[in-house]
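Q: How does the following fold in three dimensions:
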Amino acid sequence: MKASTCALLLGFLLSVLVVASPLGDMGRYSPVEGALLQGSIYAGGYAGSVFRPSPVALIVNSSRAVVYTWNASGMVVSVRASGRGAIMSGFIRGEGGVSGLVSVFQDIGVRSFALEGDADIYVADGILDNGSLVVAGYFSRRGSRDLDVFVARVTLEGGIAGVKCYGSPDYPDTARRIIAGSDGYYVLGETWAYNVSQSDVLLLKLGRDLSLKDSLSVGGAGIDTGEDLAITRDGDYVFVGATEVEGVKLGFVTRVSSVGGLLWLRGYRTLGDTFLKRLWLDPSAGRVYVIGSGTFEEGRREPFVLVLDELWGWVFNESQLVVARTEPFLSLSGDISGGRVILFRSGGVSLVGPGDRATDYVFGPTSLNRTLVLDDTPELPYYAKAIYGWRVLKGVVSSRVCPEISVRRIDPSVSTISIEYRELVVERKPFERRLDVGLVIRRFVERNIPVFLLLPVLVAFLAIVYSTLRSTPSARRAGTPSPG
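A: Numbers count the residues shown, from 1 in each chain. Next up is the predicted model:
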């Protein structure tokens, strides 16, 4: 394995030592997304309980943490490093309904805007492009259950420079992620138009003027949800996400050609529900790093990194799987930004590297015994699952009437807290499981499914042969006693 791969994996695993809940109000802070920009960590999420959340942003460097809060109910759902700024997107609730929230953090300060209109508006993601914000989200007209996608260009002065809306009649369509390409923008989302009660992955290809160039629906018979995407050197699309079939949740990675053909598809399921959340594509090597979470021992959900190497320019080969674990057990979530991994939990955040180093930003006391790096690559053949029945449909959405969207400047409250940080120590070793008889039997059955399926046929064949042999004249003579 190349040194760059080792450094990324080791840095990720070193970063799993996340701080315990800090003192005071910050103990209620739950980051859900993060990004790295100019040596600082930008994390967004919510404060309070998940049932009554308030949006919160946290900027952490080596000496302090700056906390931004909005006096409203809502949540930050996306954090992106884009250009020379960090973009945080989400929503807030008010008496008039739901408004989209987007904030840009730059050296000159923070600018935060609410996107309001005659509909409930949710901003799912945003990027900084050519001196303006390009945001993607979805809206629902009040009194209607239909959802449609919107993409808007918002100036840094707080104006709307353009907005387009797309969807399918009478079926929900949503956006989750937006990235910039050489010839426009790509929006990843979900659509229910072609699977009725279950969702498919939706991809919109837009021009620089936000006009629709193409749209794809990718999925099968399950509930298919895309979480992140990247564009390969050849212009193909790589998606990661989760699919649910008959109550079983699998993470998936798929590669779709730029002309709409399904090139590669693989599912991954650990001992329990498995989710793939974020990916980073190394543009020089074609290597894909995927952040996910799964169950590797009963009762423990843990983060992992899956490494995929490109083969023949259109498929991938699973090359490594590493699991992060702390003792005592901590519930962790992760994100990846520019090839460096950020891990966080309620009340804490830590950062990878460089190299074999990681930094833990501490707001309060922690009581961890050790951090483990568990290489579970030998089990990859058991986790990888074939997924059948997926198809790609083109031209799945059309233009829709947009709500009247206006932009209002909203200033968050700002406070500063002091922090301490320290380097982490890690113990690396192979993943060693306790003997699980049930798991051994299950894997024996899975490995020998063809034998079990053919066994009744073999038994029937042997029974026919035996019956035939017994009924032949030679067999009857052999069984008849000779006279006298």
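
Q: contacts for stretch 225-236?
A: Residues from elsewhere that reach stretch 225-236 (CB atoms under 8 Å, 6 or more residues apart in numbering): 176-177, 179, 181, 186, 188-190, 199, 201-203, 218, 237-243, 255-258, 263, 275-281, 283, 286, 288, 310, 313-314. In short, each C-beta sits where N, CA and C put it, glycine included.

Q: so where is the stretch 51-200 of the chain shaky, pLDDT-wise?
A: The stretch 51-200 of the chain contains residues with pLDDT under 70 at 196.

Q: Now do the buried residues in stretch 294-308.
A: For stretch 294-308, the buried set under the neighbour-count rule, 16 or more other CB atoms under 10 Å, comprises 294, 296, 297, 301, 302, 303, 304, 305, 306, 307, 308.

Q: Show me what the mean pLDDT comes to for it.
A: Predicted confidence along stretch 294-308 averages 87 (mean pLDDT).

Q: For that stretch, measure first residue to last.
A: Chord length of stretch 294-308, first to last residue, is 17 Å (CA to CA, to the nearest Å).

Q: And the helices in the protein?
A: Taking DSSP state H as the criterion, the chain contains helices spanning 3-14, 380-383, 437-447, 449-471, 473-478.

Q: Packing partners of the second one?
A: What it means is helix 380-383. When contacts are defined as 3 or more CB pairs under 8 Å, 6 or more residues apart in numbering; DSSP states H and E, helix 380-383 packs onto strand 315-327.

Q: from the middle of its chain, how far away would the strand it packs on be?
A: Centroid separation for strand 315-327 versus its chain: 15 Å, with CA atoms, centre = their mean, to the nearest Å.

Q: circling back to that earlier point, of the contacts of stretch 225-236, keep whichever come out buried.
A: If we count by 16+ other CB under 10 Å, the contacts of stretch 225-236 have these buried: 176-177, 179, 186, 188-190, 199, 201-203, 218, 237-243, 255-257, 263, 275-281, 286, 288, 310.

Q: Which of those fall in strands?
A: Using DSSP state E, the members of the buried ones among the contacts of stretch 225-236 that fall within strands are 176-177, 179, 186, 188-190, 201-203, 218, 237-243, 255-256, 263, 275-281, 288, 310.

Q: Nearest residue to residue 388 in space, please, no chain neighbours.
A: residue 220 (7.3 Å; CB to CB, 6 or more residues apart in numbering).

Q: And the spatially most central residue of the chain, how far from residue 146?
A: With distances taken as CA atoms, centre = their mean, the chain has residue 277 as the residue nearest its mean C-alpha position (1.3 Å). For residue 277, the distance to residue 146 under the criterion CB to CB, to the nearest Å works out to 27 Å.

Q: about what we covered before: identify the farthest-apart pair in the buried residues of stretch 294-308.
A: Between any two of those, the greatest separation by CB to CB is 24.1 Å, found for 297 and 308.

Q: hang on, isn't residue 195 packed against residue 219?
A: Yes: judged on CB atoms under 8 Å, residue 195 makes contact with residue 219 at a distance of 6.3 Å.

Q: Residue 463: how many residues sit nearby?
A: Residue 463 has 10 neighbours, counted by other CB atoms under 10 Å.

Q: List the contacts of it.
A: Contacts for residue 463 were tallied using CB under 8 Å, 6+ apart; there are none.

Q: got any ranges where the stretch 201-350 of the chain has weak pLDDT?
A: Along the stretch 201-350 of the chain, the model assigns pLDDT under 70 to residues 326-331, 338, 345-347.

Q: go with 50
A: Low-confidence segments of the stretch 201-350 of the chain (pLDDT under 50): none present.

Q: I'd guessed residue 59 sits against residue 105; true?
A: Yes: taking contacts as CB under 8 Å, residue 59 lies within contact range of residue 105: 6.8 Å.

Q: Between these two, tell me which one has more neighbours.
A: The residue with more neighbours, out of residue 59 and residue 105, is residue 105; 23 against 20, by other CB under 10 Å.

Q: So what sits opposite the more buried one in the bridge?
A: With DSSP bridges as the criterion, the beta-bridge partners of residue 105 are residue 86, residue 110.

Q: Look up how far residue 36 lies from it.
A: As for residue 105, its distance to residue 36 is 13 Å (criterion: CB to CB).

Q: and for these two, which residues touch both?
A: Overlap between the neighbourhoods of residue 105 and residue 36 consists of residue 42, taking contacts as CB under 8 Å, 6+ apart.

Q: Mind checking which of residue 195 and residue 219 has more residues around it?
A: Residue environment comparison for residue 195 versus residue 219 gives the larger neighbour count to residue 219, 28 against 18, counting by other CB under 10 Å.

Q: got the contact list for that one?
A: Contact criterion CB under 8 Å, 6+ apart gives 194, 195, 199, 200, 201, 243, 390, 391 as the residues in contact with residue 219.

Q: so the fourth one makes contact with residue 224?
A: Meaning residue 200. Yes: contact between residue 200 and residue 224 holds when scored by CB under 8 Å: they sit 5.3 Å apart.

Q: Only C-alpha atoms, please: export stretch 197-217 in PDB.
A: What follows is the C-alpha trace of stretch 197-217 in PDB, where atoms were taken according to Å, rounded to 0.1, in the frame of the first residue of the first chain:
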ATOM      1  CA  SER A 197     -43.600   4.300  -2.400                       C
ATOM      2  CA  GLN A 198     -39.800   4.000  -2.400                       C
ATOM      3  CA  SER A 199     -37.100   6.400  -3.400                       C
ATOM      4  CA  ASP A 200     -34.400   6.200  -6.100                       C
ATOM      5  CA  VAL A 201     -31.200   8.200  -6.300                       C
ATOM      6  CA  LEU A 202     -31.700  11.400  -8.400                       C
ATOM      7  CA  LEU A 203     -28.900  13.200 -10.300                       C
ATOM      8  CA  LEU A 204     -29.400  16.600 -12.000                       C
ATOM      9  CA  LYS A 205     -26.800  18.000 -14.300                       C
ATOM     10  CA  LEU A 206     -27.100  21.700 -14.600                       C
ATOM     11  CA  GLY A 207     -25.400  24.400 -16.700                       C
ATOM     12  CA  ARG A 208     -23.700  27.500 -15.300                       C
ATOM     13  CA  ASP A 209     -27.000  29.300 -15.600                       C
ATOM     14  CA  LEU A 210     -28.700  26.600 -13.500                       C
ATOM     15  CA  SER A 211     -30.600  25.300 -16.500                       C
ATOM     16  CA  LEU A 212     -31.300  21.500 -16.700                       C
ATOM     17  CA  LYS A 213     -29.000  19.600 -19.000                       C
ATOM     18  CA  ASP A 214     -29.800  16.100 -18.000                       C
ATOM     19  CA  SER A 215     -31.400  14.100 -15.200                       C
ATOM     20  CA  LEU A 216     -31.000  10.500 -14.000                       C
ATOM     21  CA  SER A 217     -32.800   8.100 -11.700                       C
END
